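Q: have a look; sequence and predicted model below, questions after that.
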Amino acid sequence: MVDATAAVGSSQEDTASRTLYQIASDELPVDSLQLVVSARELGESRLLVTDPERKTFAHIVPLQNASHPNQARRYAASDPSNLSLASERIGIFGKFAEMKFNQNPNHFGFNHFGDVTFTTALAGYPLSIKLHDLHERDPLGSGRRLFRCEFAPRPELFRTIEEADGHREPAVEWVLVLHPLEGGWHRLLDQRSGKVRRAIPMHSARLRAWLGLREKLADADPIERDVFQRVSSDIPYFSRFKVKDGHIVGVELYLTATNKHVIRHLVDLPRLESLTLQGESPSGKLLALQR
């Protein structure tokens, strides 16, 4: 029997109302599972798994709003041309032919809600990777695809450091599970010696930022919200907005022949202070216009 009805804490940080629940079960060690639930669509909900011997978090599992895949913008398996996926420690980002893999080497400290309260300051080193489609059929029929991550050779400096530290773990093969929708359930598989050791949930960093902006504009004029929706839908990967006091004050767009019509929507932004337009000329050179 599982009981998760009793709240053991609450938080109002960052205007996000969150509640901490203790999950009790006859089949689990005491105080081994806690659930952080956010009232916000973009809130940091997560499952906290405690090591009963060390009394520290063994795992912090991000939880995603189940409605995201239905409301997400078009993305991923149908057109995986520009990715921006992240977990707590790993990021995969860039154009498909020029992908980067960044693993955060730092150590973290957490509060009882699983928020990072301190971190070491070690520098990460983004590695170049290529993604190879494994052409595996999705057993659930949801259109997910598997990609093997092929890494470019690491600099000699990093190989020397690993050898000096006695790094002898089996080679890791990273496999990316890509959902057909940007807000879908992506994951990164850590495979060693042919076996999956961990499945790491990945979220779209770009979609998370987009939802955050939409939340900031919740009380804005409906016309401004409509402009935001139209522009970000027509230019999903290369549009940026700056929001201040509930109004759009800055816009950056990358224009092509097929999306340049979105400029006409910007006249409906009464507080627009800065505008940056980029695009490619017929010769392939990058052009920029800033106001």
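A: Noted; the coordinates are in hand.

Q: CA atoms for contacts and neighbours, from now on please.
A: Will do.

Q: and V227, what element?
A: helix 222-234 (DSSP states H and E).

Q: what's the answer for Q278, then?
A: strand 274-280.

Q: check N102 too.
A: For N102, the host element (DSSP H and E) is strand 99-103.

Q: which elements pack onto that strand?
A: strand 90-95, strand 127-133 (3 or more C-alpha pairs under 8 Å, 6 or more residues apart in numbering; DSSP states H and E).

Q: can I get those in JSON lines with distance to F147?
A: Converted to JSON lines, the helices and strands packed on strand 99-103 look like this (distance: least, C-alpha to C-alpha, whole Å):
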{"stretch": "strand 90-95", "distance to F147": "12"}
{"stretch": "strand 127-133", "distance to F147": "5"}
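
Q: for H261, which of those strands is the nearest?
A: Proximity to H261 (C-alpha to C-alpha) singles out strand 90-95 among the helices and strands packed on strand 99-103, at 24.2 Å.

Q: and that closest one with strand 99-103, angle?
A: Strand 90-95 and strand 99-103 meet at an angle of 160 degrees, taking axes from the mean of the first three to the mean of the last three C-alpha atoms, to 10 degrees as the criterion.

Q: other SSEs contacting strand 90-95?
A: strand 82-86, strand 99-103.

Q: how about the ones you listed in CSV, adding mean neighbour count, mean pLDDT and distance to L277?
A: Conversion of the helices and strands packed on strand 90-95 to CSV gives the following (neighbours: other C-alpha atoms under 10 Å; pLDDT from 0 to 100; distance: least, C-alpha to C-alpha, whole Å):
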stretch, mean neighbour count, mean pLDDT, distance to L277
strand 82-86, 21, 78, 19
strand 99-103, 19, 86, 24
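
Q: re earlier: closest one to G141 among the helices and strands packed on strand 99-103?
A: Per C-alpha to C-alpha, nearest to G141 of the helices and strands packed on strand 99-103: strand 127-133, 16.8 Å.

Q: which residues sit against that closest one?
A: 96-102, 145-152, 154 (C-alpha atoms under 8 Å, 6 or more residues apart in numbering).
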